[in-house]
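Colleague: Using only what follows, build the 3D model:
(one chain, ligands or ions: 1)
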Amino acid sequence: MERMESMEPLSAFYTTAYPEIQPESGYGSGDKTPPAPAPAYDQELVHKTILVGDSGVGKTSLLVQFDQGKFIPGSFSATVGIGFTNKVVTVDNLKVKLQIWDTAGQERFRSVTHAYYRDAHALLLLYDITSKSSFDNIRAWLTEIHEYAQSDVVIMLLGNKTDMAGERAIRREEGERLAREYSVPFMETSAKTGVNVELAFTAVAKDLKSRAIQHPTEPKFKIHEYIEAQKEKSSCCSFF
Ligand SMILES: Nc1nc2c(ncn2[C@@H]2O[C@H](COP(=O)(O)OP(=O)(O)OP(=O)(O)O)[C@@H](O)[C@H]2O)c(=O)[nH]1
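Modeller: As a prediction, this is how the structure comes out:
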């Protein structure tokens, strides 16, 4: 089943992705020159974001839900190869361009997807809360990510299919514990109902934008705290 357009790996788009910005002068050592303002965010930057995880955990469904706001039920047709969808997320009144790559979870495509890790800026790693094996494989996925991706890649762990509460095999706390162990943010999602789908991508977009304009005088964006704050803001229990 052909789900998405495909394209050669991205390279030229992102030549100036995260420039290292040095202050011209610093506060605190008698120098009264105000620090240089943070550089403007380049809204033409394209942030390459990749969905990974075992076959059937819901990567394609998550992307379709985020992109089109719908869930297509029915028989499962595994992704073959890799394809991408462009999506613009508005954060803090700025447009953040995400190029979201949907990879095939099946083992036989693994060597293909590894090649895409290297220039990834973010990786959303999914397991299925009804599948213990997909959760057990997360450590292997993280090992691969650490082997092939850049060390500063943004990683988020997602436990998908929360609408299938009756078939839950992995408790939320287990997901949280694993995420803590690897110091990555975590949330549970449902590609079917849309719970937390938008938040997952928005949090990643915010983090990517913040890294792209990171200025030494400004506090770093803390993705964990952002997610927690959104959770508190929520009137009901849709988070986690
Ligand atoms: N109930 C429920 N079903 C889901 C959810 N997400 C995905 N599914 C179903 O799970 C099956 C697999 O979903 P896909 O999105 O194709 O999974 P994938 O991770 O892209 O699989 P590969 O392409 O093989 O890597 C499909 O039958 C989906 O309808 C969800 O959140 N809730």
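
Colleague: When you work out contacts or count neighbours from here on, use the C-alpha atoms and nothing else.
Modeller: Will do.

Colleague: pretty sure Tyr127 is in a strand, no?
Modeller: Yes - residue state for Tyr127 (DSSP: H, G, I helix; E, B strand; the rest coil) corresponds to a strand.

Colleague: and the gap between it and Lys95?
Modeller: 29 Å (C-alpha to C-alpha, to the nearest Å).

Colleague: Looking at the two, which is more packed in?
Modeller: Neighbours were counted for Tyr127 and for Lys95 using other C-alpha atoms under 10 Å; Tyr127 has more, 29 against 18.

Colleague: what sits against that one?
Modeller: Shown in contact with Tyr127 (C-alpha atoms under 8 Å, 6 or more residues apart in numbering): 53-54, 57, 134-135, 138, 158-160.

Colleague: Closest one to the ligand out of these, please.
Modeller: Val57 (4.1 Å; C-alpha to the nearest ligand atom).

Colleague: mean confidence for stretch 173-188?
Modeller: Here stretch 173-188 scores 96 as its mean pLDDT.

Colleague: top helix in the chain by residue count?
Modeller: In the chain, taking DSSP state H as the definition, the longest helix is helix 197-212.

Colleague: Mind telling me what element Thr85 is part of?
Modeller: strand 82-91 (DSSP states H and E).

Colleague: helices and strands around that strand, which ones?
Modeller: Judged by 3 or more C-alpha pairs under 8 Å, 6 or more residues apart in numbering; DSSP states H and E, strand 82-91 is in contact with strand 94-103, helix 197-212.

Colleague: Which of the residues in that strand are classified as buried?
Modeller: For strand 82-91, a neighbour-count test (16 or more other C-alpha atoms under 10 Å) marks 82-85, 87, 89 as buried.

Colleague: likewise stretch 52-69?
Modeller: Buried-residue list, stretch 52-69, by 16+ other C-alpha under 10 Å: 52-67.

Colleague: and the closest residue to Glu167 other than its chain neighbours, which of the three is it?
Modeller: Nearest residue to Glu167, sequence neighbours excluded (C-alpha to C-alpha, 6 or more residues apart in numbering): Thr130, at 5.5 Å. Judged by three-state DSSP, the three-state class of Thr130 is coil.
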